[in-house]
Structures are given as structure tokens and as C-alpha cells.
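Participant: predicted model, plus sequence, below.
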Amino acid sequence: MRSPRLQFGTFLAPHHPLGENPTLQFQSDLHLAAHLDRLGYDEFWCGEHHSSGWEMIASPEMFLAAAGQLTHTIRLGTGVVSLPYHHPFNVAQRIVQLDHMTKGRAMFGSGPGALPSDARTMGISPMLLRDRQDEAMGIIIRLLNGEERFSYQSEWFELHDAALQILPIQERMPMATASSISPSGMQLAGKYGIGVLSIASTSAEGLQALPTQWRFAEEAAQQHGTTVDRRDWRVLMSWHIAETKEQARREAVHGLHRWHNEYNVRVLGRPGAVHVEDPWDLLDQVSESGAEGGGAAVVGTPDDLVQAIENLQKVTGGFGVVLGFAHDWANRENTLRSWDLVARYVIPALNGSIRPMQASADYVEANKAELIGGASAAVMSKIMSHEGAAAALATTMAQMAERQAARQAKSTADEPENDPTFRPGAGLPRA
């Protein structure tokens, strides 16, 4: 019996360096969505941010609606809608419209809001964010489920005889909540029986927290009478992949250096992030041991990423979706090539797509003498039963013998001569 397939997607915050035309950045991100759709990726998530300059998608629903017109099968998720910044009824209406505009491919991801500067702009205390996400989530689920009209009064929004006039195409809208190092995201997922986006797993601290995180979701689910499924657990990883590790490092080193020093350190001031002068030293810090240990990213080959994902599966106990963090460490051409290599080699290796093909090749190799012998005998039987074909074969065999003798005369090696000519089927016996 085949085991459940590990799914793959991307998480686009985005984190774009300052200095480029934002109009063209939007177009580049839409091109990435179309590229991943052509390669067969399962999911595409993008976020909501209102400050910092680098994270420039303010409405994931608008972006995903545009992406829906350029893609065919990839599912499109809000990663995430910052619920404290919106009236829950409007959020529910937008995600329903997105589901219809993408013909049932929408996924609803929510969070409390990631950037403190966004909360300040909205005039919301950071202490209120997670409780408001929880409150809004309960209302949105009721609306999406098509409950009878209901009223609700909160300190920050009101509903009077509320019901959606259009429901989602999907009977069960895929939902996920953002989770970082604290237990609140996992507990919210357990409370409502929805999926998880582990977005902090691109840091060493986030990776170390993963093994204990899922337990928080299971405990909350048991407390609230719901269930959670590891197949709905999405783990974020960072990588840049090339044909060789040296090539991957050359392509990513300077973009990674700029992203770390200019954004994480200078703009955001992330706790624990310090300026690193030497780009190669920073690359070693970030990618040391890949996603297995001290490092938080895989900068190397497809085989390196396969090993890192397998190790992370063992450490966490298993998850259903790998999301690659979309970044600008390398130029666009090499970035698209990295996603291409993951689709061509990493995904089939982890999901066993190559295994039956390899088994078929191994079987033919193990039985080639018997197979070729029987096929050659069948060909010779038909040829010899026809006088004209037998005469032509005799001429062909004589010519082959002459050519072989001529080659052997020129060669000083004792090894048998190779016949490089390809012939379909079993071919003819050697002269």
C-alpha cells in the first residue's frame, strides 16, 4: 500500500530587497506562482504586511486572485490574514470570493500579525493580538460553515443577523493558523481542529522547538473535542539548491548576506540577530548542518535537501507539507532553477516516484541474458523462415564480421570491441 504523499509548496512573505520597482516585483511574484504551478507544486501561500518596505503584499487575497488567473492546479493560501486588523465578516467574504475565483483552490491561513510596526499603525496593542485572532477565528468558521443568521458583540466588532450570501465552493475549506515558538498558534489549531503553518522553522530556535510543538495542538484538540491531523501540519524550510554545493553557495552567499544584515538586523532588529561582516561566515552559520542541527537552511544539492527533510520528519514525528521559504538570496534565474531542481529530484525521491522505475531497471538488468537470448532467438526464427530475409542476413553478418575484424586489427587492447550502434528491440546476434 502506498503511503500518503508528502506535499510541497512555497511561502512568500515576501522579503524583497529595497531598490526595485514594486510593480515589477509583483509581476515577478506572480511569475513564480505560475512557474511552481507548471512544476506541479501543491501549495502557494503569501502574507499580509503593511510596513518594513521589504514585505510589500498588503492584501494576500488580491494577489492570490491574480495568481489564480495564471495557474491551474496549485492551491492558493493566505499566509496569513492578520485577523486583528479586519472585521471578521469581511475576511470571511473575501476568502469565499477567492475560493470561487480560483474554482475551489483557496486555503485560509490566519495569524495575529507578525510586524509590531503594523499593529502600531492600526493602533492595536500587541497584548490584544492573539486573543483577537482567536475570537475572530471562531466567528469566521461559523460564517464559512453556513450557520443560521446570528448576532455577536465584541469590544472591537459587532455582527447583527449575520450570514454569508455565498458559501465556499469547497465543502471543507482548508484552514491553518500561523505558529512560531510560543504554543499559542498550535493551541488555536487544536481548539478549532485546523492545520498549522510552522513559520518559525526557518530559524535554529524554531527548528529546535518543532519536536514539542505538535503536542500543544493535540492537547488543545483533546480539551475542545476536536481532532488535528499531521497531514495538515505545514513546516517552513529555507533552501537554495544547485547541481553542486559549491555552485549553490556561490549563488546564494551575497543575497543571503544582504537579507540578513539589511533586513533582519538593520530594519527589523530581530532579537539575537547581529550584523555579520563576512558573507561566507554568515553562510556557514545559516547552513551549518542544513536543517538537521545548528543551521536553519539547506544551501547545496538535491541530495542534501532530501536528507534534511528526512531528518526533520524523524525529529518532529512527521508532517504533511514542506513549504519552501521564497527569498531573493540568488538572482531570479538561479532561484527558478532551484525550485526546478527540487521538483525534478527532491520531491520524487521523497515520495517514492522513482522507486518502481528503479525496480523495473534492476529487474531487466538481472534478467538481461535470458531476455535478450529469447528475443534474439524469436527474431532469428522469423528471418530464417524467409529465403530472402535469410540471404540479406547472411550479407549483413558478413559485413559486421569484416568491420569487427578491422577494428580489432587497429586496437591493441585485449578487451572486446564495443558496438555503439543503437538498435531497437533485441538486435542481432554478434557476428
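Facilitator: Arrived safely.

Participant: kindly provide the distance from S180 to T10.
Facilitator: Between S180 and T10 the distance is 19 Å, computed by C-beta to C-beta, to the nearest Å. C-beta here means a position set from N, CA and C on the backbone, and glycine is covered the same way.

Participant: ugh, typo on my part, it should be H254
Facilitator: The gap separating H254 from T10 is 22 Å, by C-beta to C-beta.

Participant: neighbour-wise, which of these two wins?
Facilitator: More crowded of H254 and T10, by other C-beta atoms under 10 Å: T10, with 24 against 15.

Participant: for that one, give me its contacts.
Facilitator: Taking C-beta atoms under 8 Å, 6 or more residues apart in numbering as the definition of contact, the neighbours of T10 are L32, L36, Y41, E43, F44, W45, L323, G324, F325, A326, W339.

Participant: go again with 6 Å.
Facilitator: Shown here is T10, whose contacts under the criterion C-beta atoms under 6 Å, 6 or more residues apart in numbering are F44, G324, A326.

Participant: apart from its neighbours in sequence, what residue is nearest the second one?
Facilitator: By the measure of C-beta to C-beta, 6 or more residues apart in numbering, the closest residue to G324 outside its immediate chain neighbours is T10, 5.0 Å from it.

Participant: which stretches of the protein have low pLDDT?
Facilitator: Screening the chain residue by residue with the criterion pLDDT under 70, one finds the ranges 201-207, 289-295, 411-431.

Participant: please parse it into its domains.
Facilitator: 7-358, 375-431 (automatic domain parsing).

Participant: right, so these: which one is the most enclosed?
Facilitator: Ranked by mean neighbour count, the domains of the chain are led by domain 7-358 with a mean of 19 (mean count of other C-beta atoms under 10 Å).

Participant: mind listing residues that contact the host helix or strand of H31?
Facilitator: When elements are defined using DSSP states H and E, H31 is found to belong to helix 22-39. With C-beta under 6 Å, 6+ apart as the test, helix 22-39 has contacts from H16, F44, M56, A66, A67, L70, T71, H72, I74, L336, A343.

Participant: how much space between the residue lying closest to the last one once chain neighbours are set aside and Q247?
Facilitator: Nearest-residue entry for A343: L39, 4.0 Å, with adjacent residues in sequence omitted and distances by C-beta to C-beta, 6+ apart. Counting by C-beta to C-beta, the gap between L39 and Q247 amounts to 20 Å.

Participant: Three-state assignment for H160, please.
Facilitator: Each residue gets one of three states, and H160 gets strand by DSSP: H, G, I helix; E, B strand; the rest coil.

Participant: swap in V196?
Facilitator: strand.

Participant: which of the contacts of helix 22-39 lies closest to T226?
Facilitator: Using C-beta to C-beta, the shortest approach to T226 within the contacts of helix 22-39 belongs to F44, at 26.9 Å.

Participant: then that closest one would be within a strand, right?
Facilitator: Yes: the secondary structure assignment for F44 places it in a strand, going by three-state DSSP.

Participant: tell me how far it lies from L323.
Facilitator: Applying C-beta to C-beta, one obtains 9 Å for the distance of F44 from L323.

Participant: kindly format the C-alpha coordinates of the one helix or strand R407 maps to as CSV.
Facilitator: Element membership of R407, judged by DSSP H and E, is helix 387-410. Taking only C-alpha atoms (Å, rounded to 0.1, in the frame of the first residue of the first chain), the coordinates of helix 387-410 have been written out as CSV:
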residue,chain,number,x,y,z
GLU,A,387,14.6,-17.1,-48.0
GLY,A,388,15.2,-13.5,-49.0
ALA,A,389,15.5,-12.3,-45.4
ALA,A,390,17.9,-15.1,-44.6
ALA,A,391,20.1,-14.2,-47.6
ALA,A,392,20.1,-10.5,-46.5
LEU,A,393,21.0,-11.5,-43.0
ALA,A,394,24.0,-13.5,-44.3
THR,A,395,25.3,-10.5,-46.1
THR,A,396,24.7,-8.3,-43.1
MET,A,397,26.5,-10.7,-40.8
ALA,A,398,29.5,-10.9,-43.2
GLN,A,399,29.8,-7.1,-43.3
MET,A,400,29.6,-7.0,-39.5
ALA,A,401,32.4,-9.6,-39.2
GLU,A,402,34.6,-7.6,-41.6
ARG,A,403,34.1,-4.3,-39.6
GLN,A,404,34.8,-6.1,-36.4
ALA,A,405,38.0,-7.7,-37.7
ALA,A,406,39.1,-4.3,-39.0
ARG,A,407,38.6,-2.6,-35.6
GLN,A,408,40.4,-5.4,-33.7
ALA,A,409,43.3,-5.1,-36.1
LYS,A,410,43.7,-1.4,-35.1
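
Participant: fine by me, thanks again.
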